[in-house]
Every structure is written in structure tokens, then in C-alpha cells.
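1. fold the following, please.
(2 chains)
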Amino acid sequence: MGRSFDAAFEAEFAPLHRYLARRLGVSAADDLAAETFAVAFRSWDRLDPERPVRPWLYGIAANLVRHHWRKERRMLRAYARTGVDPVFAEEDDAVERADADSPQPELATALAGLRRDEREILLLHAWAELTDSEIADALGLPAGTVKSRLSRAREKLRNQLTEVGQEAVEAS
Amino acid sequence: MTDDLLISFRSEVPPPKEATAKRIYARATSGHRRALTRRLTVGVAVGVAALATIGFGVSALLQGPRSETPDAVSVPPPSATNLFGPHGKQVTMSQLLADDPSLPLPDSPLANAGNAGTIWESTTGPSATVYYPSSGIELDIVRGTIDTTGTPQSTIQAIDGLTALVYPGVPSASPPVPAQLFLGLASGHVLQLKAFRPAADLVAVAETLTPKP
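-> So this is what the prediction gives:
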């Protein structure tokens, strides 16, 4: 028996929406998730029955998120600058969430400093919990390329956080 | 540490509400009512089953996402891993060499044909993963290229004239990160070595690859 679109929506909507919301905020996630599933719905009959649905959906979402990468970088930089995360700006307690001691603004700086493709792979791995081969499937990249880019992104992130930490120690 | 930070970053973002799920389902499928109607006409029973699934699906969404908090973000620990899913088959070293004698494999005390453990081979092309249990080294050969753009010079090395990226491990990280070496092969593949060992061990192993990559 073939897979149904409804079953895929049931299984994948909530995690996909949350992944998108972590990247661009809830409003943008509403739009991007709707568009992702609209594209999936239109293409459902042509989907290879052997192809896993999950990476395919995240691949569609990645194509849509690409149009927002400048906004994502702006949001990360704004968080680093102000300590208030724009992802939560639609919520009443956004300012209360700001924590001067939190290392998350430094992480926002580090994420904003990654190349677009590196950030994409890193967040698909960390937040969407896709495996290397699922990321390769989602982004249409060879698995080896995903592996090397993922390692490089993690290394860059680690180095940048170490640098920021050292600067903070020196400043204090 | 970095991985923990990344996992917790914006982890307070809530799962979508049931009303959002309903609204987005309607929006995603609304442009195709004609097609949906045709399918329902063709098979009423199928349509009823689908509607039942929608009802179940929306109620299931109330239970939240499948995974609220990922356990860990890490390079998988070196092990006997089938990277190829349904296209992977477990083989012996003799079978691997017979299937693709051009695969460059190490011949060092740490990793050689005699001390190889589990081996997986792809049925769709010259790709394989080999685990060497005595040294804890895992070797993967998969299709791909090395992209050095933006890579710190300190991680780039040349091995037998080919570009390699070498990352020292971070055993103190949570979870620990193994040392890794990526070598771009002329065949359009990437060879990866990883282990919880000094990166120099991986370089030494890569220098013994036979046939020369």
C-alpha cells in the first residue's frame, strides 16, 4: 500500500514547523511549512515510492529557506547585538528572556558567521536530526561533501566560541 | 560543549498548535480541491480512510513533536556503520577487493586488510565503510569532493599530492568528538578516517593507502 500525504503530514508537520520556527520565527515557519507541504502535495503522485519522505520534505523546505538566508543572518546578528532573540519577538516576554549571562548571543554570532551551506547542514543535523545520508538526500549533495562540510562547520563554531570566550576572560 | 549549546539554542520554541496544523493543512491542500475530489470520486473508500487519517493525525499533533529535545549532536562514534541503508551489504575484505580493486585501502599496522572488522559495501557504486576494531579507526569512502573554501590553513594538508582536511579530536567535548581526516580522491570520492586517536595516526594511515589514490 502506498504512502499517504496525510500520514506524512501527521508525522512530519510538527517537527518541520518547529525546525523552521527555530530558524526564522513562528510567523515565517507558518508560511514556509505551508508552502513546503503545498509543494509536497502537488508533487505527491510523482514521488518515488522508494524515496524516504522526511529528507525530501526538508529538501523542499531548504530550497524555500534559501530565500530567507539574509533575514536569518540579520536575526542572528540582532540577537548577538541586543541579547533579545527576534525569533521570540512576537511573544510578550521576549525582553524578559534576555539573559546577560547566557552564551547564546555568542552562539548566534558564530552561526551568523558560517557560510550559508554550512549553517544549513549544521542545523539540519542538530535541529532536524537528519543523518548525513538524509542531509545528502535532502540537499542533493554527495554524502562525502556533507560529511566534510559538517565537520568544517562544527570546527568553525568551536573555534569562534573559543575565541569569544578568551576575549571575555581577557576583558574581565 | 558546542554541541550542547547548539541543541539548547532556541529549544524553547514551542511545537505548533492544533489550530495551526489544521490551518496549514487546509492551506497546503486547498489549491488542489479538484484533484482531491477526483480521487475521492474514484475511490470513496480510500477517501474515507484518508479523512479518518486526517482526524487521527491532527489529534496526534496535540501530543507534540516526535522529539522535543534531541539527545545529542555529534559525529557518530567510530563503529561498524552501514552508511548505505537498503543499498548496503556486509562483505568480507576479499569480496570488497574483488568487487572493486581500485578502492584505496590502508596498509599500516593500525589499519590493514588483516585486522579489518566489519565491512559494508554499497551495491550502487564504489563506496564502502571499513571498521578496524583493534585501533578503533573507521574508514568511509563515499562519493563527494573536498571544498576548502574558508577552511583554516592549519587543517589543510597534502597527502600523496591530494588535498586532505585534518581535524584533531576533542575528547573532552560533550559528547566527545573523534579526530577526522578527509581526503579528496581523484575518482570523485571522499575518503574519511575517524577515530579517538591523535590526528597524526590518521595521517600516517592515510599515507599507506594502496593503490595510491
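
2. from here on, just use CA atoms for contacts and neighbour counts.
-> Will do.

3. which stretches of chain A have low pLDDT?
-> A:1-2, A:90-102, A:164-172 (pLDDT under 70).

4. for the residue of it found nearest chain B, list the residues it contacts.
-> Residue of chain A nearest chain B, by Cα to the nearest Cα: residue A:38 (4.0 Å). Contacts for residue A:38 (Cα atoms under 8 Å, 6 or more residues apart in numbering or on different chains) come out as B:27-29.

5. looking at the residues you listed, which one is closest to residue B:92?
-> Nearest to residue B:92 out of the contacts of residue A:38 is residue B:28 (Cα to Cα; 48.7 Å).

6. how many neighbours does that closest one have?
-> As a burial measure, residue B:28 scores 21 neighbours (other Cα atoms under 10 Å in any protein chain shown).

7. that older thread, now, which of the contacts of residue A:38 lie within helices?
-> Of the positions in these, B:27-29 sit in helices, assigned by DSSP state H.

8. can you narrow those residues to ones near chain A?
-> Filtering the ones in helices among the contacts of residue A:38 for proximity to chain A (criterion: Cα under 8 Å from any Cα of the partner chain) leaves B:27-29.

9. which among these gets closest to residue B:180?
-> Nearest to residue B:180 among those, with distances taken as Cα to Cα, is residue B:28, at 42.6 Å.

10. list the contacts for that closest one?
-> Contacts of residue B:28 (Cα under 8 Å, 6+ apart): A:34-39, A:41.

11. spatially, and excluding backbone neighbours, which residue is closest to it.
-> Leaving aside its chain neighbours, residue B:28 sits nearest to residue A:38 (4.0 Å; criterion: Cα to Cα, 6 or more residues apart in numbering or on different chains).

12. which of the helices or strands spans the one you found?
-> Counting by DSSP states H and E, the element that carries residue A:38 is helix A:26-43.

13. swap in residue B:141?
-> Using DSSP H and E, residue B:141 falls within strand B:137-143.

14. quick one: list the elements packing against that strand.
-> helix A:143-171, strand B:128-132, strand B:189-195 (3 or more Cα pairs under 8 Å, 6 or more residues apart in numbering or on different chains; DSSP states H and E).

15. residue boundaries of the helices in the chain?
-> As the question left the chain open, I've gone with chain A. A:5-24, A:26-43, A:53-65, A:69-82, A:94-97, A:104-112, A:116-126, A:132-139, A:143-171.

16. that was the other one, I meant chain B.
-> In chain B, the helices defined using DSSP H lie at B:2-8, B:18-29, B:33-42, B:44-61, B:93-99, B:199-206.

17. hang on, the earlier thing: export the helices of chain A to TSV and tack on distance to residue B:6?
-> TSV is the format used below for the helices of chain A (distance: least, Cα to Cα, whole Å):
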stretch	distance to residue B:6
helix A:5-24	11
helix A:26-43	19
helix A:53-65	19
helix A:69-82	13
helix A:94-97	17
helix A:104-112	8
helix A:116-126	7
helix A:132-139	17
helix A:143-171	10
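
18. so for residue B:157, which of those sits nearest?
-> In terms of Cα to Cα, the element of those nearest to residue B:157 is helix A:143-171, at 14.3 Å.

19. give me the buried positions along the closest one.
-> A:143-158, A:160-161, A:164 (16 or more other Cα atoms under 10 Å in any protein chain shown).

20. domains in chain B, by residue range?
-> Per the record, chain B has its domains at B:2-61, B:85-206, by automatic domain parsing.

21. quickly, which of those domains bottoms out on average pLDDT?
-> Sorting the domains of chain B by mean pLDDT places domain B:2-61 lowest, at a mean of 60.

22. and which of the contacts of residue A:38 is nearest to chain A?
-> Checking the contacts of residue A:38 against chain A with Cα to the nearest Cα, the nearest one is residue B:28 at 4.0 Å.
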